[in-house]
Each structure stands twice: as structure tokens, then as C-alpha cells.
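Q: Quick one: sequence plus predicted model below, questions after.
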Number of protein chains: 2
Amino acid sequence: MSLLYPVILCGGGGTRLWPKSRPHNPKPFQKLTGERSLFEQTLSRVRGGEFATPVIIAGKAHADLIMQQAGREGIGQVIVEPAAKNTAPAIALAAARLDPQSIMLVCPSDHHIADVEAFRIAIGNAVSLAEAGWLVTMGINPTAPETGFGYIERGDELGNGAYEVKRFVEKPDASRAKSFLSRGTFNWNSGIFVFRAGDFLRELKTHRSQMAEAVEASVEQGSSTSTCFHPNPDTFASIAGESIDYAVMENAKKVAVVPVSMGWSDIGNWQALQDAQSKDETGNATSGPSDLVDCENVFTMSDGPRVSAIGLQDVVIVVDGNEVLVISAAHAQKVGQLKGAKGR
Amino acid sequence: MSLLYPVILCGGGGTRLWPKSRPHNPKPFQKLTGERSLFEQTLSRVRGGEFATPVIIAGKAHADLIMQQAGREGIGQVIVEPAAKNTAPAIALAAARLDPQSIMLVCPSDHHIADVEAFRIAIGNAVSLAEAGWLVTMGINPTAPETGFGYIERGDELGNGAYEVKRFVEKPDASRAKSFLSRGTFNWNSGIFVFRAGDFLRELKTHRSQMAEAVEASVEQGSSTSTCFHPNPDTFASIAGESIDYAVMENAKKVAVVPVSMGWSDIGNWQALQDAQSKDETGNATSGPSDLVDCENVFTMSDGPRVSAIGLQDVVIVVDGNEVLVISAAHAQKVGQLKGAKGR
């Protein structure tokens, strides 16, 4: 098996895990599902024999956090995005600095994967496809009719546990999501990709030539420090931000999906984080000091103060610095509407 | 009308308003229903022409708090209870230091009374009875089948809005409470009393002679500082603690009740405090920074951190120092079960 180049995207912040996730210390760098941050867990999943030194892509504000959490030894130069332009340009920056034959494993830095062994097996299958020139996306076997994810419909089987992608489907409404789940030929779009750097850049040039040229120029005119690579901000600024799905995956020809069940969650909101916790016999989960009486399916997370609760069901309680959040788990999608989440 | 001697009982602490009420700073001294503490509100209700300087009875731990909140001018010596022995001995201490003809107005320090004018009118009626040798208890006209209060059944009308007490009834179960409410001849026992000091002590001697003697000895052998009176602790220690209801009111002969509607609450738990708040159109009430989205009948009280809540109904959220309390309002009676409320 070829050496695999992990490319870890640290660009996203998001407001739906406020107040734990905040602009200066966003979700990837928080200890949400154990003793290590999601970023640290992501790094540890891509260490070992077949993995090259990971490439990290992040905004300027978070370069220090990355150095602290990764340690100086474990990562190469951090590629510092001059501006947030979504995933397609970010991944292209990494691709442009690798040999075209290098196989990239693109991973968001803020996902939770419970079954790392299943992840590695699926990645192995994807690499076989990538070596044959396919752009591969990892497809999560759905466990519920989620309306918060994009879906991928599988087409013909390609061997090695992979399928040709028939089509990408945007976030569906509830009835379509149910239909996708029952038909059994759909996967959630995980945002984890495997492909050769050269194949990706060729497809980007074909479908988004301006973006490809601007990225190439930014890299050529970029500058290095001992720890960071800075693409040229002026050429990068001209790029129209776009996701890899829109810019490349939905347009490219040889696109494959490897379905996998690996206890995956994008920890997209507090309810998703609650789901990812290990719970006691009444469904409660706690992090930090707590005292729960007559509670069911309550999740508490505190950075210090004790959380005492009585008679609650399906509630999430978060204490972080000078903010206290209490929500019905079913309303987790609305956290972004709060004043605090908007920085007010 | 005779001069009326307010006797304000600050002995109680209680755990049901934890974490706001704590041993070093209990409920009477907290600002729970406005800009002033319940104790300060109690004091202000008994100031004016017909009221003598109030007598305060409190534990040693709270003498300083009382001085701070009352100011040196406004109160006489504080009677410091050598030990907590419930209300009968505490009231007897005050009675023993007054002229037997003095009419006492005994008030708990931790009640909320919205309609002070109604309170004063009812007290005026009670004084007329007390001048005729009755022991008078203020009876709250019930507004719900509460199971958390003792009840008083009214007997014959005595004039001046007063009735002879037919009987005292312990906290009833739900069906008895409903029956009391529908029969319309019952009042809640408020713990507010009006009587002559001499009449009270005579009845105490008749029904609890040992207690009466021990209190008398404690007062005779007590000592004074400029701000406090300290009953003799050794003689006081021998007393078996008992409430005024058990020791005197249920046994005495001339016991009257003055029914009153005055927006009264004993603020006995967080739900009672929530009920006493002024609310917005969705039933929410807040004290301290807050941001409520899709909430109904939510009550927040914070001493600093912002409380953000989404999608909750009938929930009380309290932030105080290093403690965060989140309860379903219907479970307010259980707060005493929490570790924090038990001092652990």
C-alpha cells in the first residue's frame, strides 16, 4: 500500500456547540468526547506505518492552538489559509504542495469516530480505488432518517467494498430522508475523501479553472516560516469560496463511495454530542461536577461549577466560563440563534 | 390603637432555596423578590407610627448580616438564640423582655407579601382582638389546594373580620386540601401572630411550664452588649424545641384567626419563588443576564453568568457562585435532597 498523506481541515468553527465552541477556541480543539480534543483524536487516527506526516490546514487564529495540541514533532508545516474560502480551495492548497502521485486522505478535524479499526479498513479500501484514479468519498451507513446531512446514492459495485456514486443529494426533508433510509442504497456524506493529489487538481482545473489557477499562484508565491506555510493572500483573496462537493465531487467522472459503519458523528450540535457520550442506565451523561436526581437522558458539561438537576428529561446543560446553556435536546439546532452564539 | 411591638424571627434557614440560600447567608437575607432582601422587606412593613422599634431574634451566625441590612438605627438589641429551639422558645424570649401589656406582632423574616396595605388592615383587626385577650393568628385565604401548608378551620365570627379558631389541621394530602379549599371555611396558617406578651406567656406556662421557666431563667441570667442580648445558654439548652403552634396555639382557649388576602407566599421553594415573580407574556421571569428562546414558564436567577435557554417549559435555573441548579418546577420540593443542599 502506498504512503497516505493525511490532510486535516481545521477551518470550520460554527456556532452550534456554543458556548463550548467559541471563535478563539472552536470545536476541533475542545475536549468534547474524552480526554483528548477532536483534533487530537483525528491526528491519532492517522498515525502509524502507512501514514505520512499529516498536513494541517487552518486559519491564522488557530495556528498556535494547533502547535500546542499537535506538538512540534508530530506535524509538518501548517498551511495557513489567508482567508476562509470553504473546503475546495483549502484542499487544493494541500494538493498543490504534494507530488501529483501522492494519495491524500482528507479529514475534517472535528468528527468523532468510535470504531477506528473500521475507519482504517475502509480507508484501505478507498486507497485501492484512488490508486486506480478514482476520487473516493467515505459514505456513512445511515442509522436514522437524518435531515442534517447530505446523502450519496450508490451505483454499480466496484469491488473492494466500493461503489460508483450515482448521485449526491442535498440535505433532504424528513420524508425523503425516511425513504433514503428504507431503500438502503444511500449513505451520509462524511466529508472524508481519498484521492491522488494530481487527480483532484486535474478535476478542479476542468470544473473550476479560475480557482485552480488562483490556488496554484498562491502556492507559488507563498512564503514559509519554520512552522507554517503562508499562501499568497492577494491571489487567494480572488477565489470564490466553494465546497469540494459542489466544485469537484458532483462534477467529476470517476467518483466512488466506500460505505462504512464506524460509530461516526460530525458532532454537529449538542444533541449529536449527547448521542456520542457513554451513558448510565438512565441515559444520563456528565462531564465535570454534577448531581442528577430523577433525570433521564440529561447531558451535563461543566468547566468548573457543579451542575445539580432534578426532574429533567432530554435536556443538555453546559457551563463554560461566564455562560450557562440549558436546552431541550430536540432544540439543539437553534443554538446558533442565541445572542451569545452570535458574539453579542 | 396601642403601640405594636414587631418581633421578627430570623431563625430559619432551610435548604429548599439552595443554592441561593446557604447556611452563611440564608433565605431571609437574600434578594429574592426585588431590590431588597426578604428581611429588609419584612422590616419595612413594620415601620411607621403605630409600630415600636422591632425586636429581632436570630442565631449567632447571622447577627452581623442583620446589623448590615437593618442599619444600626432601625432596630433595638438583637436577641441572639443560644441554640435553635424552634419558634415557641424564640417568641417566649421576646415576650419575656417586654411589658406583659405590650402587644406583639410576630413575623417570620422570610415571607413575601405583595399587598402591604391589606397586611396592615388585617393586623389592625388582629390588634383589636389581642387587646381583648385573644391570641390571634393571621390566616391566608387559600388560592389553591396546597399540601405544603397547615390549615386553620374557622369557627364563630368575632367581629372585626376575625373568627374563633375551630381547629388547626396539619399539612393535608391532596384530596383533603381540595376539600378544604371547596368548603371555604379554611385558611392557611401563615406563622404571623398578634397577642399580648403576658397572654402568650401565661398560656405557655399553662401548657409548657418547663419551657416557660427555662426561658424566664435564660432571660434573667442573660447578658447584653450594645447591639445584642444573649440569653443564658445553659438554661436555654435544656429546652425541648417546639413550634408555637404545637406548644401554645393548639392548646390555648381564646385563639382567633383573621383571614386575609395579601399576595402572601412563604417562598417555601423555587416554584413558590417563581410564582411570586412578575412574568412576561410567555410566563418567563428572569433575574440577572439571560437569553430565552422558545421557553415558557421558565424562571432564571443568576448572580453573574448569562443563562441562555431554548425549548424549555416550567423549568427553574439558578446560578450562584460555583453552583448551577436546573429543575423542573414541579420537583421543587426535592431540592433538599441534593448533595449541595446537604452541604456536601
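A: Here it is on my side, so go on. Numbers count the residues shown, from 1 in each chain, chains lettered A, B, ... in the order given.
Q: list the buried ones in the lowest-mean-pLDDT helix or strand in chain A?
A: Counting by mean pLDDT, DSSP states H and E, chain A has its least confident helix or strand at helix A:63-74, which shows a mean of 83. For helix A:63-74, burial by neighbour count (16 or more other CB atoms under 10 Å in any protein chain shown) applies to A:A63, A:L65, A:I66, A:Q69, A:A70. Quick note: C-beta positions are derived from backbone N, CA and C, even for glycine.
Q: Which other helices and strands does it contact?
A: Applying 3 or more CB pairs under 8 Å, 6 or more residues apart in numbering or on different chains; DSSP states H and E, we find helix A:63-74 packed against helix A:38-45, strand A:55-59, strand A:78-81.
Q: Checking the closest residue in space to A:D173 that isn't next to it in sequence next. Helix, strand or coil?
A: In space, and not counting its chain neighbours, A:D173 is closest to A:T147: 6.4 Å by CB to CB, 6 or more residues apart in numbering or on different chains. Classification of A:T147 using DSSP: H, G, I helix; E, B strand; the rest coil returns coil.
Q: How is chain A divided into domains?
A: A:4-265, A:270-342 (automatic domain parsing).
Q: The shortest one near chain B anywhere?
A: Yes: among the residues of domain A:270-342, A:291, A:293-294, A:302, A:304-312, A:315, A:317, A:319, A:321-328, A:330-331, A:334-335, A:337-340 lie within reach of chain B under CB under 8 Å from any CB of the partner chain.
Q: Just the residues you listed: which are in strands?
A: Counting by DSSP state E, these place A:291, A:293, A:302, A:306-310, A:315, A:317, A:319, A:323-328 in strands.
Q: Are any of the residues you listed buried, and if so which?
A: Using 16+ other CB under 10 Å as the threshold, A:291, A:293, A:302, A:306-310, A:315, A:317, A:319, A:323-328 are the buried ones among those.
Q: residues in contact with the residue nearest to A:D173?
A: By CB atoms under 8 Å, 6 or more residues apart in numbering or on different chains, the residues touching A:T147 are A:K171, A:P172, A:D173, A:A174, A:A177.
Q: Just to check, the second one is in contact with A:F180?
A: Yes: in terms of CB atoms under 8 Å, A:P172 counts as a neighbour of A:F180; the distance is 6.4 Å.
Q: Which pLDDT does the model give A:E117?
A: Listed pLDDT for A:E117 reads 96.
Q: Regarding it, what is its secondary structure?
A: State at A:E117, reduced to three classes by three-state DSSP: helix.
Q: Tell me, how many residues neighbour it?
A: 8 (other CB atoms under 10 Å in any protein chain shown).
Q: Could you do A:V255 as well?
A: For A:V255, using other CB under 10 Å, the count is 24.
Q: what are the phi and psi values for it?
A: phi -110, psi 120 (degrees, to the nearest 10).
Q: Show the contacting residues for it.
A: A:W134, A:L135, A:V136, A:T137, A:E164, A:V165, A:M249.
Q: from those residues, which would you call buried?
A: Using 16+ other CB under 10 Å as the burial test, these include A:W134, A:L135, A:V136, A:T137, A:V165, A:M249 as buried.
Q: Filter these down to just the ones in strands.
A: Using DSSP E, those in strands are A:L135, A:V136, A:T137, A:V165.
Q: With respect to A:S243, which of those residues is nearest?
A: Closest approach to A:S243 among those (CB to CB): A:T137, at 12.1 Å.
Q: Roughly how far does the closest one sit from A:A162?
A: If you measure A:T137 against A:A162 using CB to CB, to the nearest Å, the figure is 10 Å.
Q: Then A:M249?
A: In this view, A:M249 and A:A162 are 15 Å apart by CB to CB.
Q: got it, and A:K178?
A: From A:K178 to A:A162 the distance is 26 Å (CB to CB).
Q: the more surrounded of the two?
A: More crowded of A:K178 and A:A162, by other CB under 10 Å: A:A162, with 23 against 14.
Q: Hmm, that one is touching A:K254, no?
A: No: A:A162 lies out of contact with A:K254 (CB under 8 Å); the separation is 11.2 Å.
Q: so what sits against both of those two?
A: Shared contacts of A:A162 and A:K254, counting by CB under 8 Å, 6+ apart, come down to A:W134.
Q: pLDDT value on whichever residue of the stretch 51-200 of chain A sits closest to chain B, please?
A: Scanning the stretch 51-200 of chain A for the residue nearest chain B gives A:G148, at 16.6 Å (criterion: CB to the nearest CB). Confidence at A:G148, expressed as pLDDT, is 90.
Q: which one is it nearest to, not counting chain neighbours?
A: The nearest residue in space to A:G148 (CB to CB, 6+ apart) is A:G268, at 5.9 Å.
Q: So what does the one you found have for phi and psi?
A: According to degrees, to the nearest 10, A:G268 has phi -80, psi -20.
Q: now it: how far from chain B?
A: Distance, A:G268 to chain B, by CB to the nearest CB, to the nearest Å: 16 Å.
Q: Assess the claim that that residue and A:R16 are in contact.
A: Yes: counting by CB under 8 Å, A:G268 touches A:R16, with 6.4 Å between them.
Q: how distant is whichever strand or helix holds A:I91 from the center of its chain?
A: Using DSSP states H and E, A:I91 sits in helix A:87-96. Distance, stretch centre to chain centre, for helix A:87-96: 15 Å (CA atoms, centre = their mean, to the nearest Å).
Q: How about stretch A:115-134?
A: Using CA atoms, centre = their mean, the offset of stretch A:115-134 from its chain centre is 17 Å.
Q: and it, C-alpha only, in PDB?
A: The C-alpha coordinates for stretch A:115-134 follow below in PDB (Å, rounded to 0.1, in the frame of the first residue of the first chain):
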ATOM      1  CA  ASP A 115     -14.500   2.500  15.700                       C
ATOM      2  CA  VAL A 116     -11.100   3.400  14.500                       C
ATOM      3  CA  GLU A 117     -10.400  -0.100  13.200                       C
ATOM      4  CA  ALA A 118     -13.400   0.100  10.900                       C
ATOM      5  CA  PHE A 119     -12.200   3.500   9.700                       C
ATOM      6  CA  ARG A 120      -8.800   2.200   8.800                       C
ATOM      7  CA  ILE A 121     -10.200  -0.800   6.900                       C
ATOM      8  CA  ALA A 122     -12.500   1.500   4.900                       C
ATOM      9  CA  ILE A 123      -9.600   3.800   4.200                       C
ATOM     10  CA  GLY A 124      -7.500   0.900   3.000                       C
ATOM     11  CA  ASN A 125     -10.300   0.000   0.500                       C
ATOM     12  CA  ALA A 126     -10.500   3.600  -0.600                       C
ATOM     13  CA  VAL A 127      -6.800   3.700  -1.300                       C
ATOM     14  CA  SER A 128      -7.100   0.800  -3.700                       C
ATOM     15  CA  LEU A 129      -9.600   2.800  -5.700                       C
ATOM     16  CA  ALA A 130      -7.600   6.000  -5.500                       C
ATOM     17  CA  GLU A 131      -4.600   4.100  -6.900                       C
ATOM     18  CA  ALA A 132      -6.800   3.400  -9.900                       C
ATOM     19  CA  GLY A 133      -7.600   7.000 -10.400                       C
ATOM     20  CA  TRP A 134     -10.900   7.300  -8.500                       C
END
